[in-house]
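Trainee: sequence plus the predicted model coming up.
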Amino acid sequence: MNAITREPLATTDGDILLSKAINKANMGVFNRFYFLGKPLALCATTGFLWTQLNKDNDIDKEKLKLTINQADLICQGFKEKQGIPGVSIGVTMHGSFVWRKGYGLADIEQRVPCTPDTVMRIASISKTFTTTLAAQFVEKGKLNWNDKIDKYHPDLPKFLFENVPVSITVRQLASHTSGIRHYWKKGDPETDDEFNLPEYYITRSFPTVTESLSLFVNDELLHKPGTTWLYTTHGYTLLSAILERIADDKHSYAELLNDLITKQLDLHSTKLEYPDEIVPNRSRYYWRRSLKEGLRNV
C-alpha cells in the first residue's frame, strides 16, 4: 500500500499511516482522501475481480477485462456522484497487478493528477495495524486480552467513572468499550460532527506515545468499562503505548509497525505520517459537511 496513516492528533498515537492504493502484498486496498462529515471509502469492486479465477486459480483474461471495465465505470460514477476529488485503485492477484488506476486530482489547486502511486492517509483503518500488532504479542504470550492495563503500564493514573476508580482491560481498549473518550470531552459543546471539535485539528507531535497520553488520561471516563461501546482514537493511543512497553528493547510504535508488519509484507510505502516530512506523491486532504458545500483544505 501507499499509505500515510494519520489521525489528526499526534504522530505517535498508533493510528497514523500513509499508503498507496496497492503494495506488493497480495491484496487490493482502496483509499480516499475526501471527507463528507465522515470518511468515505471505496471498497466495492474487488469482489468482481476475485470471481474471475477458475478452479485452477488461473485468470480468465476476457472475463477479467470485462470486469475491469465494469469496475472502472463504478469507480468513476462513485467519484462523480460523491464529489470526490481523487480516487486511487490497485488490485493484485497472485502477487501481480491486474488493475491500477487513478481518477481525478490529488491536489486540486495545483491540478496534480491522482495516480496509483498517490500516497494517502488511511486514517482510522490504521487501527487494524495496532490490533494486528497486539494479536502478535498475544500469540507470543507477552499480552493477554483479559489483563488489566495497569499490569503493562503501571505508571498510568487511575481511571475514574462517576468519581469511582475503575479498571480497564486490554480487550476493552481494543473493542472500544473502555469508556475512554474520543475527541469530545465533558464540557465541550455537544456535536455529532468531530470536524467541529478543536482537538481534531491538533498538529502537535510527541516524542513517545506515552507522552501523548497526557491529552486524555486524566479525563473522567464517559461510561463504565465493559458496559457499552464508544468509538475512541485515544483508547488506541493507550493500546499503542502498552505495545511499546512490552516490546523487546522498548521499540517505538513506528519500529514495531515496520519490523512486524510493513517489512514482512513488503509494504514499502506504508508508514507513520509526520506532517513536516517530505513525502513524494502525497495527496492533499479535503473535506466538506455536505455535497451542497464546496471543498475545504484539511
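Mentor: Yep, it's here.
Trainee: got any ranges where the chain has weak pLDDT?
Mentor: 1-58 (pLDDT under 70).
Trainee: quick one, domains of it?
Mentor: 3-123+267-297, 127-262 (automatic domain parsing).
Trainee: need these in a markdown table (columns: mean neighbour count).
Mentor: All C-beta atoms are positioned from the backbone trio N, CA, C, and that covers glycine. Shown next, in a markdown table, are these (neighbours: other CB atoms under 10 Å):
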| stretch | mean neighbour count |
| --- | --- |
| domain 3-123+267-297 | 18 |
| domain 127-262 | 17 |
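Trainee: do I have it right that S252 meets E244?
Mentor: Yes. Assessed by CB atoms under 8 Å, S252 is found in contact with E244 at 6.2 Å.
Trainee: give me the common contacts of those two.
Mentor: By CB atoms under 8 Å, 6 or more residues apart in numbering, S252 and E244 have these common neighbours: 208-209.
Trainee: so how far is the strand or helix carrying A134 from its chain's centroid?
Mentor: Assessed by DSSP states H and E, A134 sits inside helix 127-139. Distance, stretch centre to chain centre, for helix 127-139: 14 Å (CA atoms, centre = their mean, to the nearest Å).
Trainee: repeat that for stretch 224-237.
Mentor: On CA atoms, centre = their mean, the centre of stretch 224-237 falls 17 Å from the chain's centre.
Trainee: touching, Y286 and G83? I think so.
Mentor: No. Shown here, Y286 and G83 do not form a contact pair, counting by CB under 8 Å, at 9.8 Å.
Trainee: list the contacts of the helix holding A134.
Mentor: Residues outside helix 127-139 that contact it (CB under 8 Å, 6+ apart): 5, 14-15, 17, 143-145, 170, 174, 233, 236, 239-240, 243, 246-247, 256-257, 260-261.
Trainee: for the nearest residue to R284 once chain neighbours are set aside, give its distance to A247.
Mentor: Spatial nearest neighbour of R284, excluding adjacent residues (CB to CB, 6 or more residues apart in numbering): D107 at 4.6 Å. Noted for D107: a distance of 37 Å to A247, by CB to CB, to the nearest Å.
Trainee: just the strands in the stretch 1-150 of the chain please.
Mentor: For the stretch 1-150 of the chain, the strands defined by DSSP state E, counting those that start in this stretch cover 3-5, 17-19, 31-32, 34-36, 38-39, 86-93, 96-107, 112-113, 120-121.
Trainee: quick one: the longest one to strand 86-93, angle?
Mentor: It stands for strand 96-107. Counting by axes from the mean of the first three to the mean of the last three CA atoms, to 10 degrees, strand 96-107 lies at 170 degrees to strand 86-93.
Trainee: partners of strand 96-107, with directions?
Mentor: Strand 96-107 sits in its sheet next to strand 86-93 (antiparallel), strand 112-113 (antiparallel), going by DSSP bridges.
Trainee: for P189, which of the ones you listed is the nearest?
Mentor: When the strands paired with strand 96-107 are compared by CB to CB, strand 86-93 sits nearest P189, at 32.7 Å.
Trainee: now could you export just the CA positions of the closest one as PDB?
Mentor: Output of strand 86-93 as PDB, limited to C-alpha atoms (Å, rounded to 0.1, in the frame of the first residue of the first chain):
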ATOM      1  CA  GLY A  86      -9.400  11.800  -6.400                       C
ATOM      2  CA  VAL A  87      -9.500   8.000  -6.100                       C
ATOM      3  CA  SER A  88      -6.700   5.600  -6.400                       C
ATOM      4  CA  ILE A  89      -7.300   1.900  -7.200                       C
ATOM      5  CA  GLY A  90      -5.000  -1.100  -7.100                       C
ATOM      6  CA  VAL A  91      -5.700  -4.800  -7.300                       C
ATOM      7  CA  THR A  92      -3.300  -7.800  -7.400                       C
ATOM      8  CA  MET A  93      -3.800 -11.500  -8.000                       C
END
